[in-house]
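Participant: Test case, fold it:
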Amino acid sequence: MAATRLEHGIWILVADGEKALFLRNEGDVKYPNFEVVREMKEENLPTREQGTDQPGRFFDAGTPDKSGYEETDWQRIGKERFAEKVAERLYKSAHRGEFEKLIIVAPPVVLGTLRKAMHKEVAQRVVEELPKTLTNHTTWDMEALLKKSVEQ
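Facilitator: Numbers count the residues shown, from 1 in each chain. Predicted coordinates:
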């Protein structure tokens, strides 16, 4: 993608598997000023705290031995479901005309899930994707980091 500018009014989605910040640049290219439009949170406990059952077992064909199924990664599934909810929220906002351009900042796994779940109407508005985790940064830090990353 070509270098994108943090122009006035552009939306920035900063997300991970548990938190999503929908931001709008109320500043300009030189002095970005991110305002929070919406925040979504979902508690996603580690798998060890979500699942208590032992993984299932099955007989290997032709041998008297049993093998175990891989344990379900409930935390990964929770992150994927959350990303799908975020994609749905983006679609509703795009459909209402709340934004024209979008920058997505998320870890690679979440970014991939968002891409798969994203409606065509939203995908057409994505001007930049950054595989980073910034959800625990302040908006000031996000402004500085994104200005540097996006305009290189």
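Participant: This protein: helices as residue ranges?
Facilitator: 47-50, 74-95, 108-117, 120-123, 139-150 (DSSP state H).
Participant: Mind checking these for the one nearest to Lys30?
Facilitator: For Lys30, the closest of the helices of the chain is helix 139-150, at 8.8 Å, according to Cβ to Cβ. Any C-beta I mention is one placed from the backbone N, CA and C, and that applies to glycine too.
Participant: Return the set of buried residues in the closest one.
Facilitator: Thr139, Met142, Glu143, Leu146, Lys147, Ser149, Val150 (16 or more other Cβ atoms under 10 Å).
Participant: what residues are up against the closest residue to Ala15 other than its chain neighbours?
Facilitator: Leaving out its chain neighbours, the residue that sits closest to Ala15 by Cβ to Cβ, 6 or more residues apart in numbering is Ala106, at 4.5 Å. For Ala106, the contacting residues are Leu13, Val14, Ala15, Asp16, Ala83, Leu114, Glu129, Leu130, Pro131, Lys132, Thr133, by Cβ atoms under 8 Å, 6 or more residues apart in numbering.
Participant: Quick one: neighbours of the second one, just the number.
Facilitator: When neighbours are defined as other Cβ atoms under 10 Å, Val14 has 25 of them.
Participant: what's the spacing between it and Glu80?
Facilitator: 18 Å (Cβ to Cβ, to the nearest Å).
Participant: How about the third one?
Facilitator: Plainly put, Ala15 is 12 Å away from Glu80 if you go by Cβ to Cβ.
Participant: Pick out whichever of the two has more residues nearby.
Facilitator: Higher neighbour count among Ala15 and Glu80: Ala15, with 27 against 18, using other Cβ under 10 Å.
Participant: Touching, Gly27 and Asn33? I think so.
Facilitator: Yes - counting by Cβ atoms under 8 Å, Gly27 does reach Asn33; the two are 3.3 Å apart.
Participant: Can you report how many residues neighbour Glu121?
Facilitator: Glu121, neighbours per other Cβ under 10 Å, totals 11.
Participant: ok, now which ones touch it?
Facilitator: Per Cβ under 8 Å, 6+ apart, neighbours of Glu121: Tyr91, Ala94, His95.
Participant: hmm, back to that, export the contacts of Ala106 as a markdown table, with columns for pLDDT and distance to Glu42.
Facilitator: A markdown table is the format used below for the contacts of Ala106 (pLDDT from 0 to 100; distance: Cβ to Cβ, whole Å):
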| residue | pLDDT | distance to Glu42 |
| --- | --- | --- |
| Leu13 | 97 | 15 |
| Val14 | 97 | 15 |
| Ala15 | 95 | 11 |
| Asp16 | 92 | 10 |
| Ala83 | 91 | 10 |
| Leu114 | 95 | 15 |
| Glu129 | 94 | 22 |
| Leu130 | 93 | 22 |
| Pro131 | 94 | 21 |
| Lys132 | 93 | 20 |
| Thr133 | 93 | 16 |
